[in-house]
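[1] Here is my input; please provide its structure:
(2 chains)
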There are 2 protein chains.
Amino acid sequence: MNQPIVIIGGDAAGMTAASKLKRATPATEVIVFDRGQDISYSACGLPYWLAGVVESDRRLIVLTPEMARESRGIDVRIQHEVLAINRSAKTVSVRSLVTGKLFEQPYAKLVIATGARATRPPIPGTDLPGVFTLRTLQEARQIFDYMADQLPQRAIIIGGGYIGMEMAETLRDRHLAVTLLQKSPQIMTSFDHEMVEAVMTHLAEQQVQVRTNTQVTAIETSGDQLQVITAETPALATDMVIMAAGVRPNSELAVAAGLRIGATQAIWVNEQMQTSDPDIYAAGDCVEHYHRVLEKNVWIPLATSAIKGGRVVGENLSGTFATFPGILGTTVVKVFDYTLAVTGLTEKQAKASGNFGALGEDVGSTVISHDDKVGYWPGAQPIKVKLIFEKSSGRVLGGQLVGKAGVNKRIDIVATAITARMTLSDLSMLDLSYAPPYSPTWDPIQVCANVALRG
Amino acid sequence: MNQPIVIIGGDAAGMTAASKLKRATPATEVIVFDRGQDISYSACGLPYWLAGVVESDRRLIVLTPEMARESRGIDVRIQHEVLAINRSAKTVSVRSLVTGKLFEQPYAKLVIATGARATRPPIPGTDLPGVFTLRTLQEARQIFDYMADQLPQRAIIIGGGYIGMEMAETLRDRHLAVTLLQKSPQIMTSFDHEMVEAVMTHLAEQQVQVRTNTQVTAIETSGDQLQVITAETPALATDMVIMAAGVRPNSELAVAAGLRIGATQAIWVNEQMQTSDPDIYAAGDCVEHYHRVLEKNVWIPLATSAIKGGRVVGENLSGTFATFPGILGTTVVKVFDYTLAVTGLTEKQAKASGNFGALGEDVGSTVISHDDKVGYWPGAQPIKVKLIFEKSSGRVLGGQLVGKAGVNKRIDIVATAITARMTLSDLSMLDLSYAPPYSPTWDPIQVCANVALRG
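    Predicted structure coming up:
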């Protein structure tokens, strides 16, 4: 069997798998098809390029097709769309988006790394000029060009999740008047409500007008401006709209090929990142992952999972047994001067999971506020810490942090502790670092654990 | 038995024990004797007060005797020195340093929290005016007053450990010319040598003249200046000398009382922080602690261990069974613009321990350098990461970080992983936080683990 390894998708998961494989077994032929013009760029960096923090979109590109070919020996073919997977023939049907030519590419093993896409809400007007989503470099360039050409003064962001927050900051950095509409009562729903209160105040300070409980029903044009129509407010005039209201896994190829799809609508894979067809692997934002606390599969598309999944695929393809042990959904996000971070389960997730009592009655939580450094240190800032735990065992199930300083990397202590199935008591007795410029003697996480232990 | 709980020493360990106990069982009578004038202050903050970063020495005081008495019901008696422990009579002999009065104080249970002291090297001249140690607030006040009165222009620091580093920065902040003498070939000996190379260069940039392999043999006066005599250099003229060359546990009372003393010369305690006399507990810098990786007792006096030990004592005295699971020696230190952090075993410690092959042949290590943030983030700074591991099992034994940004709290991920006996592979697959302003997609610690795994 002399067929190549074929990878669909040249972003984090696909290129990590390809690179790992080529490093381990350089003789293996690896072909990567990507329908876009760019591979391997930092999608998470896009808001910062648009804000001007990162000076050029070229800086976001980790690897060009030429670099991948020359330095890693990976045969990258951009502007090639895979239309179908033919499992019995072990081929993929590919179309060149440049020549229009259609061909069949045989594979020895196939890797699906097709990622996810931003969704447009099912309302009229989402395809009007000046209305954007932001997930790909291509989409970011459209926003960049529109801002350069049209000099918009006002923007409406639909959706108060990570992208919504980051774009609010980006657009304020660009001096636009920003309104953010969120259909649910709370922004940042991957946090418990008390953790986003200070952020709501801060957004107001930063002149971001946030309207929760506001459902957009249409986007219209009115003269040379856009109008966002909601059920709750008068029509809102604006110059541009960013739709940051949802993402969806690109699992259509897998569905059409009859591969197992999870309840999350993302591709199911086993611990080795193998789909229900042992000759087909999948990784990245198109797959669901095992959640180490929920103990079931979830769909949380993150770059950190994509690179790990890609590496596991590359190792297995090169003959080294490797497994992906699962995720905790650990995330950190910058919202102007605030940093928010979360890992494991939120209180509402833990209670709704049914894993800790049918009504979540075995879920406990404690919230404290404590300086990030010794209290006498100039500029010490309060951090709010929430720990979620199983009452009967004390096992830590989740953690959340919010503050203006000292949040970064602190959440990872909780993530590591949860991975090790530590209890509040274990957390409290961890030998963590301390010096006055950096931390109080009891780390704020331990202060929270100590308060929780007191009951 | 209506006798009180007596605690010798009113600093972190003693006051934590007292506070925990009074909160749990308010009716218990608790007497704390301290021979000094201050209790419960941040000794680690002293260099920063001397530097002017912290505006007043009062800011370093966590609790005054009056506050302890009024808000916590703890009977604190400063300027009272305990001279002896009479175990059979269950009393301590106490002298008031104000009145000179001597009395016997009966105890139901006793807690020894006598701390540690800075040692003076056994050479002539260490008691000359202008020659100081820095461990207590009293000693810091002497330095403060000397600097205010004498306006020294030059200082020599003897010893290149934590206090030596912090005082180098303090004295440069105060615009003194600073020379640091270290008898061994390396400063910061709790790190492996390659981790302090950049710091050596940085100290030179900061105009701290460091002389390693330099042994001080005497300190002399010459006119109105001091002369530091070494075997390796001409006499070094200076205006003040800081001796930061060692500390020793205050275990003399325990020795005299016949309590078990460890090979470290510090007081031996069991997991409950009980000495060899079940009626006597001990905690803080005067005790040795179980090292979770070395699997034997070590003496590493740190505030973080003192508060945990104090809490365990307080809990046990109040009838709640509590244990201290041990330490890793996790430490972070600021050296001008650099942050250094360490946890677990250094490579040299691991190899010398005999725990990992008679000659340490099962000890592996990997050092990498990686940006603390995504490479395209403005101001991303390289962090040097070293992981020490057991080759046969992959178990992580220690970690060290050095860099100008992003070191703080990252070491605690390694500390938590070591506590959970994680392997390089476990570390590599941890779900750690990522966002461009904060971290690369693979955390530098994971990059190091990945390189180590590649072998």
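
[2] Which secondary structure state does the closest residue in space to A:Gln215 that isn't next to it in sequence sit in?
    Nearest residue to A:Gln215, sequence neighbours excluded (CB to CB, 6 or more residues apart in numbering or on different chains): A:Lys183, at 4.6 Å. C-betas here are computed from N, CA, C, even on glycine. Counting by DSSP: H, G, I helix; E, B strand; the rest coil, the backbone at A:Lys183 sits in coil.

[3] shouldn't A:Lys183 be in contact with A:Thr217?
    No. Look at A:Lys183 against A:Thr217 with CB atoms under 8 Å: they stay out of range, at 10.5 Å.

[4] ok so, going back, roughly how far apart are the residue nearest to A:Gln215 and A:Met200?
    With distances taken as CB to CB, to the nearest Å, A:Lys183 is found 16 Å from A:Met200.

[5] now do A:Glu166
    In this view, A:Glu166 and A:Met200 are 16 Å apart by CB to CB.

[6] For A:Lys183 and A:Thr217, indicate the residue with more neighbours.
    A:Lys183 (18 against 13; other CB atoms under 10 Å in any protein chain shown).

[7] residues in contact with that one?
    A:Lys183 is in contact with A:Asn213, A:Thr214, A:Gln215, A:Val216, A:Ala245, counting by CB atoms under 8 Å, 6 or more residues apart in numbering or on different chains.

[8] Of the residues you listed - the most surrounded one?
    Using other CB under 10 Å as the neighbour criterion, A:Val216 leads the contacts of A:Lys183 with 24 neighbours.

[9] list the contacts for that residue?
    So A:Val216 contacts A:Pro121, A:Ile123, A:Ile158, A:Leu181, A:Lys183, A:Val228, A:Ile229, A:Thr230 (CB under 8 Å, 6+ apart).

[10] Show the contacting residues for the first one.
    The contact partners of A:Pro121, by CB under 8 Å, 6+ apart, come to A:Ile158, A:Val216, A:Met243, A:Ala245, A:Gly246.

[11] hey, what's the first one bridged with?
    The one in question is A:Ile158. A:Leu181, A:Met243 (DSSP bridges).

[12] Test my guess that it contacts A:Ala245.
    Yes. At 5.1 Å, A:Ile158 counts as touching A:Ala245 under the criterion of CB under 8 Å.

[13] Next, work out how far apart the residue nearest to A:Gln215 and chain B are.
    Separation of A:Lys183 from chain B (CB to the nearest CB, to the nearest Å): 24 Å.

[14] Also A:Ile39?
    15 Å.

[15] where along chain A do the helices fall?
    For chain A, the helices defined by DSSP state H cover A:12-24, A:46-51, A:65-72, A:137-150, A:162-173, A:197-205, A:252-256, A:303-317, A:347-353, A:410-419, A:424-428, A:444-454.

[16] Most tightly packed of these?
    helix A:410-419 (a mean of 28; mean count of other CB atoms under 10 Å in any protein chain shown).

[17] angle of that helix against helix B:444-454?
    Helix A:410-419 runs at 50 degrees relative to helix B:444-454, counting by axes from the mean of the first three to the mean of the last three CA atoms, to 10 degrees.

[18] Which strands or helices does helix A:410-419 pack on?
    In terms of contacts (3 or more CB pairs under 8 Å, 6 or more residues apart in numbering or on different chains; DSSP states H and E), helix A:410-419 is packed against strand A:338-344, strand A:396-403, helix A:424-428, helix A:444-454, helix B:410-419.

[19] Can you lay out these as JSON lines showing distance to B:Leu128 and mean pLDDT?
    Below are those laid out as JSON lines (distance: least, CB to CB, whole Å; pLDDT from 0 to 100):
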{"stretch": "strand A:338-344", "distance to B:Leu128": "50", "mean pLDDT": "98"}
{"stretch": "strand A:396-403", "distance to B:Leu128": "48", "mean pLDDT": "98"}
{"stretch": "helix A:424-428", "distance to B:Leu128": "46", "mean pLDDT": "98"}
{"stretch": "helix A:444-454", "distance to B:Leu128": "43", "mean pLDDT": "97"}
{"stretch": "helix B:410-419", "distance to B:Leu128": "39", "mean pLDDT": "98"}
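
[20] Any chance of TSV for the ones you listed, columns distance to B:Ile85?
    Putting those into TSV (distance: least, CB to CB, whole Å) gives the following:
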stretch	distance to B:Ile85
strand A:338-344	47
strand A:396-403	41
helix A:424-428	30
helix A:444-454	31
helix B:410-419	34
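
[21] Mind checking those for the one nearest to B:Phe191?
    helix B:410-419 (11.6 Å; CB to CB).

[22] which other residues reach that closest one?
    Contacts of helix B:410-419 (CB under 8 Å, 6+ apart): A:409-410, A:412-413, A:416-417, A:420, A:422, A:426, A:430-433, A:443, B:292-293, B:328, B:330, B:332, B:341-344, B:383, B:387, B:396-401, B:426-427, B:430, B:432, B:443-445.

[23] Determine the angle, from 0 to 180 degrees, between that helix and strand B:338-344.
    With the same axes, to 10 degrees as the basis, helix B:410-419 and strand B:338-344 are set at 10 degrees to each other.

[24] what number of residues lie near A:Ala89?
    A:Ala89, neighbours per other CB under 10 Å, totals 11.

[25] mind listing what it touches?
    With CB under 8 Å, 6+ apart, A:Ala89 has these contacts: A:Glu104, A:Pro106.

[26] Flag the shaky bits of chain A, pLDDT-wise.
    Scanning chain A for pLDDT under 70 picks out A:1.

[27] Break it into its domains for me.
    A:5-117+A:248-317, A:120-245, A:337-454 (automatic domain parsing).

[28] Could you tell me the end-to-end distance of the second one?
    Across domain A:120-245, the terminal residues are separated by 7 Å (CA to CA, to the nearest Å).

[29] can you give me how far stretch A:82-101 is from the chain middle?
    Put simply, stretch A:82-101 sits 29 Å off its chain's centre (CA atoms, centre = their mean, to the nearest Å).

[30] How far does it stretch from one end to the other?
    Stretch A:82-101: ends 12 Å apart by CA to CA.

[31] quick one: buried residues of it?
    A:Val82, A:Ile85, A:Lys90, A:Thr91, A:Val92, A:Val94, A:Arg95 (16 or more other CB atoms under 10 Å in any protein chain shown).

[32] and which of the contacts of A:Lys183 is nearest chain B?
    A:Ala245 (20.2 Å; CB to the nearest CB).

[33] Give the closest residue to the closest one in space, chain neighbours not counted.
    Nearest residue to A:Ala245 in three dimensions, chain neighbours excluded: A:Gly159, at 3.7 Å (CB to CB, 6+ apart).

[34] pretty sure that neighbour contacts A:Ser184?
    No. Using CB under 8 Å, A:Gly159 is not in contact with A:Ser184; the gap is 10.0 Å.

[35] Among the two, which residue is more densely surrounded?
    Counted by other CB under 10 Å, A:Gly159 and A:Ser184 do not tie: A:Gly159 has more neighbours, with 23 against 11.
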